[in-house]
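Chemist: here is my input; please provide its structure:
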Amino acid sequence: MRIIKSEVDKIKFSDKDVFYWDDELKGFGIKTTATSKTYIIQGRVNNKSIRRKIGNVGTLTPDEARKEAIKLLAELVKGVDINAEKKKDQAKGVTLKQAYDDYKRIKRLRDTTQAGYDSAFNTVFKDWLDVEIKKINRDMIENKFKTYSKDKPIATNLYFRALKAVFNFAIEKYCIDGEPVIPSNPCNRLNVFKMWNEMKPRDRYVKPAQIKMFYYGVTPDEVDTPYIKAVKNQCKFILFTGLRDQEAACLRRKDIDFDEKTITVEDTKNHHRHILPFGEWLGGFLSELCEGKKQNDYIFASGNKHGHLKDHRKAVRQISKDCGVAFSLHDLRRTFASIVANDLPFVVSEYHQQRLLNHIPQDVHSKHYVQFADEALRKPMQAVEDYILAQAGIKEPVKDNKVVDIKDIRKDA
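Modeler: Okay, the predicted model is just below:
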């Protein structure tokens, strides 16, 4: 057909793809589907068929589409792969916002991680979002890092680690002929010049002499609201298990196996399932928490949009103040780790300490060769329980102070 307005107006939508080709300009045509009609060109470059959309019928007139078709077909005659060139142009023009959106879409980010990243990109890097990522250079990185470090040194580290992660992703994501559009990560200047702000490691934990005050301070009272009761119970639970805040908060009734006496955490920070055995006291405590709950009900339920405890630091601070023991939820995890390492009547190997905290072993032997049974954690978990209850004055302390050789611990495991 001759692609002119009077003929184009006669073309109807089709349930299957139908092509109409122009009688005069070879390779210029119209593709119709059930919902669209588009101008296209088609030709060959190096024995490869190339098809390219020009625009929608109605958006462009036939004459406008024909002029664009002539230009594109001329490029094909010259041997230019116009689709490959278009991809190159798109890769060159990727903005920071596009890179970050692709990063979030492809990577598996926890809710809390994404919230932190969103905060960084929507505030600190807001003025860069529409800038081509390859144009964000080392001087820009250094100047902004120094500016924000004046008032928020620790937060600035977190902001720029998020930016560095997106740049590393973009280097591999956006390539032309296999070579990255961004040759290297401009955030590396912060490493080379040792500009990262010093972060002092946190070392606060609940000391042995404070455990009794803590224990009774987080035991719910009759006057407590259901929300405060849930927060207090979670505080106590984390001390006995060493779980992270949201690992504990997201536990459901189905994650507690009273027959096997285990807690299973599916959604962990390192994406590795974590199974912890529990002793008699913790079993009774969990039984009370699970009473009346259905399999999918959260153990530490809350009336917020998540259905479980989240963003409850304010409540934890108030409980801490009321009971007279300064602590955060992560301090309780640190306390658990300290008890395991220092206060049990036998030595727990470093490997089992890592497993109790769900840390991935870094040495090749432990990471790839040692086969691990979850039941091996039952003895130290029971010992942690006994120690906490003894310090709280609820149970007689274990008098056996025998130091067990690490080989014996491994043999038992």
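
Chemist: hmm, residue 136 is touching residue 187, no?
Modeler: No. The criterion here is CB atoms under 8 Å, and residue 136 misses it with residue 187 at 9.5 Å. In this view, the C-beta of every residue, glycine as well, is placed from N, C-alpha and C.

Chemist: the longest helix anywhere in the chain - what's its average pLDDT?
Modeler: Ranked by residue count and defined by DSSP state H, the top helix of the chain is helix 153-173. For helix 153-173, the mean pLDDT works out to 95.

Chemist: next: stretch 61-74.
Modeler: On average, the pLDDT along stretch 61-74 is 94.

Chemist: kindly format the C-alpha coordinates of it as CSV.
Modeler: Taking C-alpha atoms only, stretch 61-74 is exported to CSV below (Å, rounded to 0.1, in the frame of the first residue of the first chain):
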residue,chain,number,x,y,z
THR,A,61,1.6,12.1,10.4
PRO,A,62,2.5,9.8,7.6
ASP,A,63,4.8,12.4,6.1
GLU,A,64,6.6,13.0,9.4
ALA,A,65,7.1,9.3,9.8
ARG,A,66,8.3,8.9,6.2
LYS,A,67,11.0,11.6,6.7
GLU,A,68,12.3,9.8,9.9
ALA,A,69,12.2,6.5,8.1
ILE,A,70,14.4,7.8,5.3
LYS,A,71,17.0,8.9,7.9
LEU,A,72,17.0,5.6,9.7
LEU,A,73,17.1,3.5,6.6
ALA,A,74,20.0,5.5,5.3
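
Chemist: contacts for that stretch?
Modeler: 3-5, 8, 22, 25-28, 39, 41, 43, 52, 54-55, 60, 82 (CB atoms under 8 Å, 6 or more residues apart in numbering).

Chemist: roughly how far is that stretch from the heart of the chain?
Modeler: The chain centre lies 47 Å from the centre of stretch 61-74; the measure is CA atoms, centre = their mean, to the nearest Å.

Chemist: my guess is residue 274 contacts residue 358. True?
Modeler: Yes. Proximity of residue 274 to residue 358 meets the contact threshold set by CB under 8 Å, at 4.2 Å.

Chemist: overlap in contacts, the two.
Modeler: Common contact partners of residue 274 and residue 358 (CB under 8 Å, 6+ apart): 265, 268.

Chemist: ok, the two, which is more surrounded?
Modeler: Shown here are residue 274 and residue 358; by other CB atoms under 10 Å, residue 274 has more neighbours (23 against 19).

Chemist: just the ones of the contacts of stretch 61-74 in helices?
Modeler: Judged by DSSP H, helices contain the following of the contacts of stretch 61-74: 5, 8, 82.

Chemist: okay, now the last one: neighbour count?
Modeler: Each residue near residue 82 was counted by other CB under 10 Å, and the total is 19.

Chemist: now the closest residue to it other than its chain neighbours: how far from residue 59?
Modeler: The spatially closest residue to residue 82, leaving aside those adjacent along the chain, is residue 75, at 5.1 Å (CB to CB, 6 or more residues apart in numbering). Using CB to CB, to the nearest Å, residue 75 is found at 22 Å from residue 59.
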